[in-house]
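S.K.: this is a predicted model, with the sequence first.
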Amino acid sequence: MSTIETSFRPAVAQAVEAFPCTRVVPGWYAPAKRAIDVSVAAFGLLLTAPILLVAMVAIVCVTGDGPIYRQQRVGAGGQRFRLWKLRTMVRNAHERRDEIRHLNEVDGPVFKVRHDPRLHRLGSFLRRTSIDELPNFINVLMGEMSIVGPRPPLPEEVASYDRRAMRRLSVKPGVTCLWQISGRSQLTFEQWMELDTAYIERWTPLGDLLIIARTIPAVISGIGAH
């Protein structure tokens, strides 16, 4: 276990202490959320299985590499886990990040480029349609993620978080969230953090269902997706 990995945990605890949530959450909320997670993830995998299969075959044909990419992310409590995704970039893309850092289009510790030169021929389409994120359902079934929650950040992003941003790691990361349905990359990093904080302080099982319902048109529109 690396030093940077273990350092996230006390930082998350300090963030929660600095910005406490005073609301009292009913005891049934947690099991209800987990029931929603398992039901939606299982149904989602079954429903999208043909899409995933076609996408995986296409990725292999285009890149010659394995279609599944497992990327290290930071989850609840600062714990690292491997995020399941479809491959959208060429091999060793992460090692080329410094070469194109000047193309970054967002503020804060996040790195996003609309026309990233590291994307393979299908990469842009997979990201714009969020097909690349469908394997996230596996992480939900494994209990590492929730259907709704702050999107899981990269370790290098967390290393640059202040206390307020670190607080988003006090809950399980999600496949979708308020940021996802509110414009995604069109928002500033500060707006993103405010939405995540609002979710942490106000979430309910019914609210999760509403966010899930709003995710479908948001994905179809593709606004802010890249």
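M.R.: Sure thing, it's come through. Numbering: from 1, shown residues only.
S.K.: every contact and neighbour count from this point should use C-alpha atoms.
M.R.: OK.
S.K.: and the residue nearest in space to the middle of the chain, what does it touch?
M.R.: Taking CA atoms, centre = their mean as the criterion, residue 151 is the residue nearest the geometric centre of the chain, at 3.0 Å. Counting by CA atoms under 8 Å, 6 or more residues apart in numbering, residue 151 touches 173-177.
S.K.: among the residues you listed, which are in strands?
M.R.: Judged by DSSP state E, strands contain the following of these: 174-176.
S.K.: and which of those is nearest to residue 13?
M.R.: residue 174 (19.8 Å; CA to CA).
S.K.: not counting its neighbours along the chain, what's nearest that closest one?
M.R.: Spatially, and ignoring its direct neighbours in sequence, residue 174 is nearest to residue 149 (3.8 Å; CA to CA, 6 or more residues apart in numbering).
S.K.: buried residues in the helix ranked longest in the chain, which are they?
M.R.: The residue-count maximum for a helix in the chain (DSSP state H) belongs to helix 29-63. For helix 29-63, the neighbour count (16 or more other CA atoms under 10 Å) marks 33-34, 36-38, 40-41, 45, 52, 55-56, 59, 63 as buried.
S.K.: if we can go back for a sec, surely the residue nearest to residue 174 and residue 176 touch.
M.R.: Yes - assessed by CA atoms under 8 Å, residue 149 is found in contact with residue 176 at 6.4 Å.
S.K.: which of the two has more neighbours?
M.R.: residue 149 (25 against 20; other CA atoms under 10 Å).
S.K.: and stretch 97-107, C-alpha only, in PDB?
M.R.: The C-alpha trace of stretch 97-107 is given here as PDB (Å, rounded to 0.1, in the frame of the first residue of the first chain):
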ATOM      1  CA  ARG A  97      -0.700  13.000 -20.200                       C
ATOM      2  CA  ASP A  98       2.000  15.600 -19.600                       C
ATOM      3  CA  GLU A  99       2.500  16.000 -23.300                       C
ATOM      4  CA  ILE A 100      -1.000  17.400 -23.700                       C
ATOM      5  CA  ARG A 101      -1.500  19.000 -20.400                       C
ATOM      6  CA  HIS A 102      -1.700  22.400 -22.100                       C
ATOM      7  CA  LEU A 103      -4.900  21.300 -23.900                       C
ATOM      8  CA  ASN A 104      -6.800  20.900 -20.600                       C
ATOM      9  CA  GLU A 105     -10.200  22.600 -20.900                       C
ATOM     10  CA  VAL A 106     -11.400  22.500 -17.300                       C
ATOM     11  CA  ASP A 107     -10.200  24.100 -14.100                       C
END
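S.K.: gap between it and the chain center?
M.R.: 19 Å (CA atoms, centre = their mean, to the nearest Å).
S.K.: from here on, call the first residue 174.
M.R.: Sure, I'll start counting at 174 from here, so that last one is stretch 270-280.
S.K.: may I see the buried residues of it?
M.R.: 276, 279.
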